[in-house]
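# return a 3D structure for these sequence lines:
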Amino acid sequence: MPVGTAGSVKAVHISELKEDIGAQIILGNTYHLYLRPGLEILQQAGGLHRFNSWNKPMLTDSGGFQVFSLTDNRKLSEEGAEFQSHIDGSRHFFTPEKAIDIQRIIGADIMMAFDECTPGDADYSYAKKSLDLTERWLDRCLARFEETECSYGHSQALFPIVQGCVYPDLRRRAAENVTSKGADGNAIGGLAVGEPTEKMYEMVELVNGILPKDKPRYLMGVGKPENILEAIERGVDMFDCIMPTRNGRNGQIFTKQGIMNMRNEKWKNDFSPLEEEGASFVDTLYSKAYLRHLINVNEILGLQIASIHNLAFYIWLVKEARQHIIAGDFSTWKPKMIENVVRRL
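Below is the predicted model of the structure:
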């Protein structure tokens, strides 16, 4: 899912998302949209779909991760999370109920439960207390979800989030609790937040051994192409990450042959296309030398080309993975693909 934090995937037009990149669903963020443009504007517009003209599915994070990242400017309690806006320092308070109400107003097709995202290096005692709180908040989210409805007449799903840091017993307990709720889909949170990569894979494998196989399983905020392929092998269905667009804006290009830093001198006189058989129209339309020039002179078009390319590559990668799963040769294709995508060109 391309990440459109504030209602827009940075440097990418809606028509490009649909036609050139082939995105089926995008992600918005409750915390950022709540602050700007604000709930009144979104409600007047008829929800985020109408506000940004995206007529396909949309998912909203609950804001839990953003509150987690405001370590110095937030305070957790049983009732919810008090935090200061990163924009103007104003104080706000999110409860599980409020997170649901906000997402009802945004109108996302998939809503996330409000949780505490535990740091990857948290000790066991903290991780357990955090999970206890997240599970109590989940019950409140589900209750609020049941007693409310979408402001715009379409159905919405609510995904609970499995937390538990890197501790197998906590992850197992969290996955069993989430499974018992019978939601339309389930998410795995609190990974790729500082823990070793192998621990992330271990937790994903453990949790997916418990979550229902006939419902979507969403690994939040992950990640690098190799992380995605490893997680797919362990049963994950859905991903989001800012990496394709953020790294693209900084000149990093992901390709089927490896990773290119477009600021490097070696691309200065390389007039070959970004990829001979790329995933998007920009791959054959523009050369490496031209993109390097645009990025080095800070032209907006360079950010746009890099973002379109990287998003199209990511979506090509997961579509390709699906085809190899169907063909029955994913396990032999994956190691070769990982060898390619981690290579520095």
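
# quick check: closest non-adjacent residue to Gly164.
Leu170 (3.4 Å; C-beta to C-beta, 6 or more residues apart in numbering). Where you see a C-beta, it was placed from the backbone N, CA and C, and this is true even at glycine.

# quick one, helices of the stretch 1-150 of the chain?
In the stretch 1-150 of the chain, the segments counted as helices under DSSP state H, counting those that start in this stretch are 14-15, 30-35, 39-45, 48-52, 64-69, 96-106, 124-146.

# give the contact list for Ile308.
Contacts here follow C-beta atoms under 8 Å, 6 or more residues apart in numbering; on that basis Ile308 touches 12, 16, 20-21, 280, 282.

# could you say which helix or strand holds it?
Ile308 is located in helix 300-327, with elements delineated by DSSP states H and E.

# just the pLDDT at the residue of the chain most remote from its centre, thanks.
Of all residues in the chain, Asn269 has its C-alpha farthest from the mean position, at 35.6 Å, by C-alpha atoms, centre = their mean. What the model reports as pLDDT for Asn269 is 98.

# neighbours of the closest residue to it other than its chain neighbours, how many?
Computed as C-beta to C-beta, 6+ apart, the closest residue to Asn269 that is not its neighbour in sequence is Ala289, at 6.1 Å. Ala289: 15 surrounding residues under other C-beta atoms under 10 Å.

# tell me which residues touch Ala289, please.
267-271.

# how about a markdown table for these, with secondary structure added?
As requested, the contacts of Ala289 are exported to a markdown table (DSSP: H, G, I helix; E, B strand; the rest coil):
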| residue | secondary structure |
| --- | --- |
| Trp267 | helix |
| Lys268 | coil |
| Asn269 | coil |
| Asp270 | coil |
| Phe271 | coil |
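
# out of the residues you listed, who has the most neighbours?
Among these, Trp267 has the most neighbours (other C-beta under 10 Å), with 25 neighbours.

# that residue and Glu276, how far apart?
Look at Trp267 and Glu276: by C-beta to C-beta, to the nearest Å, they are 15 Å apart.

# before we move on, back to that, from the chain's centroid, how far away is the helix holding Ile308?
On the basis of C-alpha atoms, centre = their mean, to the nearest Å, helix 300-327 sits 15 Å off its chain's mean C-alpha point.

# quick check: which element contains Leu291?
Element membership for Leu291 (DSSP H and E) is helix 288-296.

# hang on, the earlier thing: how near is the residue nearest to Gly164 to Leu131?
Leu170 sits 5 Å away from Leu131, going by C-beta to C-beta.

# cool, Met112 as well?
Taken as C-beta to C-beta, the span from Met112 to Leu131 is 16 Å.

# more crowded one of the two?
Using other C-beta under 10 Å as the criterion, Met112 and Leu131 rank with Met112 on top: 28 against 24.

# verify the stated contact: the more buried one with Asp61.
Yes. Applying C-beta atoms under 8 Å as the test, Met112 and Asp61 come out as touching, 5.3 Å apart.

# shared neighbours, the two?
With C-beta under 8 Å, 6+ apart, Met112 and Asp61 have common neighbours Thr30.

# can you say which of the contacts of Ile308 are buried?
12, 16, 20-21, 280, 282 (16 or more other C-beta atoms under 10 Å).
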